[in-house]
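Enquirer: This is a predicted model, with the sequence first.
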Amino acid sequence: MNKIVYPLLLVLLSVSCSSESPDPPPSPIETLYFPPQTSDIWETKSIADLGWKQTAVQPLLDYLALKNSKGFIILVNGRIVLENYFNGHSASAVWYWASAGKTLTATMTGIAKDQGLLNINNKVSDYLGTGWTSAPLAKENLITCKNLLAMNSGLNDGLGDNVSPANLQYVSDSGTRWAYHNVYVKLQDVVAKASGQSWTNYFNTQLRDKIGMTGGAWIPSGEGLSVYWSTTRNMARFGLMTLNKGKWDGTTIVSETYFNQATTTSQNINLSYGYLWWLNGKESYHLPGSQLQFKGSLIPTGPNDMFMALGKNDQKIYVIPSKKMVVIRMGDAANPSNPTFGLSGFDEELWTKISALYQ
């Protein structure tokens, strides 16, 4: 009896085990995509492929059009999910970055640092000589390159955009006061001196050409300042490089060590500011033109790990590492009656519309 039963049990167990469906293979992790450097070919990803809500797309686009937008792109894993142009703008048209371009200067400073050309902890006068401000010499010599990156130079931010020495006046010792100030542009002079090249040439060869930002250019805007102009896709290329912590398709543009420092709180006054990058999800923040501290996150409707390049009249680069996502917005001021230097109520409203795509 036992000799018959045991073989039957073994057969039954074998059949039972073999009839079970095998565990499905794990979903492949989608690699980060980089468009070619020398062409405008760009892979896409559909809303359906991502499992996002198609019904949330049109309300977002209607809102962008209403709010004077010109170009808008969402990338996920480097692929274009949405790309739209409004109000007569086009994919080939250029537009200004305004203060969103500060992050280009931060990146170039990091590149020069990586190449051993400068030390951000050195005083600015090591590179520009003394007298680049009208501060007393002892106070001027306290100001380091890092202070310009962190916006805590101690210079008076209430004297307008001009960065001539007469307009760069002492208010407090560097490191003791956070104030949004165009003095950061002196870093471009530092990089030029340290590299022995013009700012434009060093920028083009070390960043622009390496990531395919073809056609972009620095345009003088008066008072010692230049503003970067490019297509919306060029801005998206820069955002994609920053999503990948300073690398472009395996090539290091700026070191990850520096990039992590740039996108981390840089001083203990404005927790929401790195090296010319704005940081979401912090406990408090300061705004341009104010010494007040506000509690909470910069953009409560946006992801907490988001870091941002924010420019006048709502030029935006949002980078969200947790979602492998980059969002670009170019255009005129969303609310012309209340234009800002960067952050505005538009950010909160826009992120309510964007997050509706995937929530």
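Expert: Looks like it came in fine.
Enquirer: Packing partners of the helix or strand hosting Phe203?
Expert: In this assignment (DSSP states H and E), Phe203 forms part of helix 199-203. Here helix 199-203 touches helix 102-114, helix 186-195, strand 217-222, going by 3 or more CB pairs under 8 Å, 6 or more residues apart in numbering; DSSP states H and E. (Glycine included, C-beta is placed from N, CA and C.)
Enquirer: at 6 Å what do you get?
Expert: Counting contacts by 3 or more CB pairs under 6 Å, 6 or more residues apart in numbering; DSSP states H and E, helix 199-203 packs against helix 186-195.
Enquirer: looking only at pLDDT, what's the mean for the helix it packs on?
Expert: Helix 186-195 shows a mean pLDDT of 98.
Enquirer: Between helix 102-114 and it, find me the angle.
Expert: 30 degrees (axes from the mean of the first three to the mean of the last three CA atoms, to 10 degrees).
Enquirer: what stretches of this structure score poorly on pLDDT?
Expert: 1-29, 339-342 (pLDDT under 70).
Enquirer: repeat that with 90
Expert: 1-30, 37-40, 215, 221-225, 337-345 (pLDDT under 90).
Enquirer: Give the buried residues for the helix holding Phe203.
Expert: Residues of helix 199-203 classed as buried: 199, 202-203 (neighbour count, 16 or more other CB atoms under 10 Å).
Enquirer: As a markdown table, these with distance to Lys324 would be great.
Expert: Converted to a markdown table, those look like this (distance: CB to CB, whole Å):
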| residue | distance to Lys324 |
| --- | --- |
| Trp199 | 32 |
| Tyr202 | 30 |
| Phe203 | 27 |
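Enquirer: which residues touch the helix holding Phe203?
Expert: With contact meaning CB atoms under 6 Å, 6 or more residues apart in numbering, helix 199-203 is reached by 108, 188, 192, 195, 218.
Enquirer: if you set the cut-off to 10 Å instead, what comes out?
Expert: By CB atoms under 10 Å, 6 or more residues apart in numbering, the surrounding residues in contact with helix 199-203 are 104-105, 107-108, 111-112, 117, 185, 187-197, 208-209, 213, 216-218, 226, 228.
Enquirer: Would you mind checking the residues you listed for buried ones?
Expert: By 16+ other CB under 10 Å, the contacts of helix 199-203 give 104-105, 107-108, 111-112, 117, 185, 187-195, 197, 208, 213, 216, 218, 226, 228 as buried.
Enquirer: what's the distance between the closest residue to Ser195 other than its chain neighbours and Thr257?
Expert: Leaving aside its sequence neighbours, Ser195 sits nearest to Tyr202 (CB to CB, 6 or more residues apart in numbering; 4.8 Å). Separation of Tyr202 from Thr257 (CB to CB, to the nearest Å): 21 Å.
Enquirer: As a check, name the ranges of all helices in the stretch 1-150 of the chain.
Expert: 2-19, 47-50, 57-66, 102-114, 125-128, 137-140, 145-150 (DSSP state H, counting those that start in this stretch).
Enquirer: what helices or strands is the fourth one leaning on?
Expert: Okay, so that is helix 102-114. With contacts taken as 3 or more CB pairs under 10 Å, 6 or more residues apart in numbering; DSSP states H and E, helix 102-114 sits against helix 145-150, helix 186-195, helix 199-203, strand 225-230, helix 232-243, helix 256-262, strand 307-311.
Enquirer: Taking helix 232-243 as reference, get the angle to that helix.
Expert: Going by the same axes, to 10 degrees, helix 102-114 makes 50 degrees with helix 232-243.
Enquirer: and the angle from helix 102-114 to strand 225-230?
Expert: Using the same axes, to 10 degrees, helix 102-114 lies at 100 degrees relative to strand 225-230.
Enquirer: who's the residue nearest to Lys45 when sequence neighbours are not counted bridged to?
Expert: Among residues not flanking Lys45 along the chain, Arg79 sits closest, at 4.1 Å (CB to CB, 6+ apart). Here Arg79 sits in beta bridges with Val76, as judged by DSSP bridges.
Enquirer: Arg79 and Asp49 touch, don't they?
Expert: Yes: judged on CB atoms under 10 Å, Arg79 makes contact with Asp49 at a distance of 9.2 Å.
Enquirer: more neighbours, the two?
Expert: Each of Arg79 and Asp49 has its neighbours counted (other CB atoms under 10 Å); Arg79 has more, 20 against 11.
Enquirer: gap between the more buried one and Ala56?
Expert: 19 Å.
Enquirer: Could you do Lys102 as well?
Expert: Relative to Ala56, and taking CB to CB, Lys102 is found at 31 Å.
Enquirer: So which of those two has more stuff around it?
Expert: Lys102 (26 against 17).
Enquirer: Enumerate every residue touching Tyr63.
Expert: Tyr63 neighbours (CB under 10 Å, 6+ apart): 69, 334, 346, 349-350, 352-354.
Enquirer: can you count the residues close to the closest residue to Lys139 other than its chain neighbours?
Expert: Spatial nearest neighbour of Lys139, chain neighbours left out: Tyr170 (4.9 Å); criterion: CB to CB, 6+ apart. When neighbours are defined as other CB under 10 Å, Tyr170 has 19 of them.
Enquirer: Give me the phi and psi angles of Tyr170.
Expert: Dihedral pair for Tyr170: phi -70, psi 130, per degrees, to the nearest 10.
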